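S.K.: starting from these lines, generate the structure:
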Amino acid sequence: MVPAAFAAAPAETGVQTITRAQTLLFAGSVGIIITNIFAPQTLVGLIGPSLGAAASEAGLVSMAALLGYAAGLFFLVPLADLVENRVLVLRMLGAAVLASAVASVAPSAASLLLVLFVLGAASSCIQVLVPVAASMAPPGQDGRVIGDVMSGLMIGILLSRPLASLVADAFGWRAFYGIVAATLALLALLLGFAMPKRRPLAHASYTALIASLLELLRQERVLRRRALTAALVMAGFSVFWTAVALRLAAPPFDLSQKGIALFALVGAGGAAGTPLFGRAGDRGWTRPATIACHLVLIAALGLAAFAGAAATGGAWLPLILMGASAVLLDIGVVGDQTLGRRAVNLLQPKARGRINGLFVGIFFIGGAIGSLLAGIAWAWGGWNAVCAVGAVFGVMALVVDLVG
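M.R.: Purely as a prediction, here's the structure:
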């Protein structure tokens, strides 16, 4: 069982029912912060060569931020069940401001990887904000509120790539991290004034808090299954988005960073389905909707492989097909994560911080693995190998659905 100090620890929040303005605040905040994690996916083609990294090592740039994010979820986010949440968020944002500023002047690949890891860990404050929003939702509307906030998160994920590419095209990749530092500093000021307080009532040591993570994972079968499928889906997502910039820069597409930015913008359309999946969960359609998401992901990667292989003459039709595959892929990932987040947030309201940290931390480990494999697959077998690896992850998630 979870230690009594945690089991009897509801959190106090300054606002009992979330307002529309607060929902927008949370959605916008998580959308801005998550930019740090996914922007490197379209910058690998610039960062790697500028710092002397080999093609097979390009995925490390994306992997560092993802691994840092996962580490933050395991070791920092659980503090949401011990520390007043607004204070925790502001301290983590301060660390993110410092890390992004250092990233803008990092002299070597090793130093950049270290700083991106720290930046990823600090950015996990997102997962302190999401449970606060969920705890403020009216009864029976958890899925709606989570879906609305997640829409901001997913829009941030999907817009991070085109924004990063546009800035890098105009000013270089280092300028992107300088802009990130300034933006996060302004966001910290805004949240300092506008974020409601949420003070947990737990009284236990940090060691006991971290130890309780394994106990929660052992207790909750739903958490284990949803985290596993989310990790597999996130791996497929990262494989595609880490390597697609490399494919689009090659013939016959020959896209510049600006062109890659416009392509990445297409994928943002997948975020439109986020509130719909939240409502599907509220209506009891979690299992069929999850299976549909995984089928869509597999189909998207098949279409992406076809588009890449067909690009021998004119590039417009293959480019359109590649864009369609990106939208479908993002819809599948958005749906899986929204449904999974809703399911785990309903398990133990008094342990939301730790449960949310476990769930998201595990699926971001999947994302880091996908980013690493993307570089290896690209160097080994090109675009077809990349799509095949991503599809395998989708099939594995579907198997978990069917045998669970």
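
S.K.: C-alpha only now, for contacts and for neighbours.
M.R.: Will do.

S.K.: what's the weakest-modelled helix or strand in the protein?
M.R.: The least trusted helix or strand in the chain, going by mean pLDDT, DSSP states H and E, turns out to be helix 4-7, with a mean of 42.

S.K.: what sits closest to A182 if chain neighbours are left out?
M.R.: For A182, ignoring the flanking residues on the chain, the nearest one in space by C-alpha to C-alpha, 6 or more residues apart in numbering is V97 at 7.3 Å.

S.K.: around the one you found, how many other residues sit close by?
M.R.: 23 (other C-alpha atoms under 10 Å).

S.K.: also D81?
M.R.: Neighbourhood size, D81 [other C-alpha under 10 Å]: 27.

S.K.: now it: how far from D148?
M.R.: Counting by C-alpha to C-alpha, to the nearest Å, the gap from D81 to D148 is 23 Å.

S.K.: where does pLDDT dip in the stretch 51-200 of the chain?
M.R.: With pLDDT under 70 as the threshold, the stretch 51-200 of the chain has low-confidence stretches at 53-58, 140, 142-143.

S.K.: quick one, helices of it?
M.R.: Remark: helices assigned in the stretch 51-200 of the chain by DSSP state H, counting those that start in this stretch are 59-75, 85-103, 109-122, 126-135, 142-171, 173-194.

S.K.: closest to R224 out of those helices?
M.R.: Closest to R224 of the helices of the stretch 51-200 of the chain, according to C-alpha to C-alpha: helix 59-75, at 14.7 Å.

S.K.: deepest-packed of the helices of the stretch 51-200 of the chain, please.
M.R.: Most buried of the helices of the stretch 51-200 of the chain, by mean neighbour count (mean count of other C-alpha atoms under 10 Å): helix 59-75, with a mean of 27.

S.K.: how near is A299 to A391?
M.R.: 8 Å.

S.K.: specify the local secondary structure of L347.
M.R.: Here L347 is recorded as coil under DSSP: H, G, I helix; E, B strand; the rest coil.

S.K.: give me the pLDDT for it.
M.R.: At L347, the predicted lDDT confidence score is 83.

S.K.: name the element R342 belongs to?
M.R.: Assessed by DSSP states H and E, R342 sits inside helix 316-345.

S.K.: phi, psi of S256?
M.R.: phi -80, psi 180 (degrees, to the nearest 10).

S.K.: distance of it from S123?
M.R.: For S256, the distance to S123 (C-alpha to C-alpha) stands at 29 Å.

S.K.: more crowded one of those two?
M.R.: S123 (31 against 16).

S.K.: mind checking how far V180 is from L93?
M.R.: 11 Å.

S.K.: no wait, A351
M.R.: 23 Å.

S.K.: could you do T286 as well?
M.R.: Taking C-alpha to C-alpha, one finds T286 at 34 Å from L93.

S.K.: with F364 instead?
M.R.: Here F364 is placed at a distance of 19 Å from L93 (C-alpha to C-alpha).

S.K.: so for the longest helix belonging to the chain, mean pLDDT?
M.R.: Counting by DSSP state H, the longest helix found in the chain is helix 352-403. In this model, helix 352-403 has an average pLDDT of 90.

S.K.: can you name every helix or strand that the helix holding R342 contacts?
M.R.: With contacts defined as 3 or more C-alpha pairs under 8 Å, 6 or more residues apart in numbering; DSSP states H and E, helix 316-345 has these neighbours: helix 142-171, helix 221-248, helix 257-266, helix 274-282, helix 286-310, helix 352-403.
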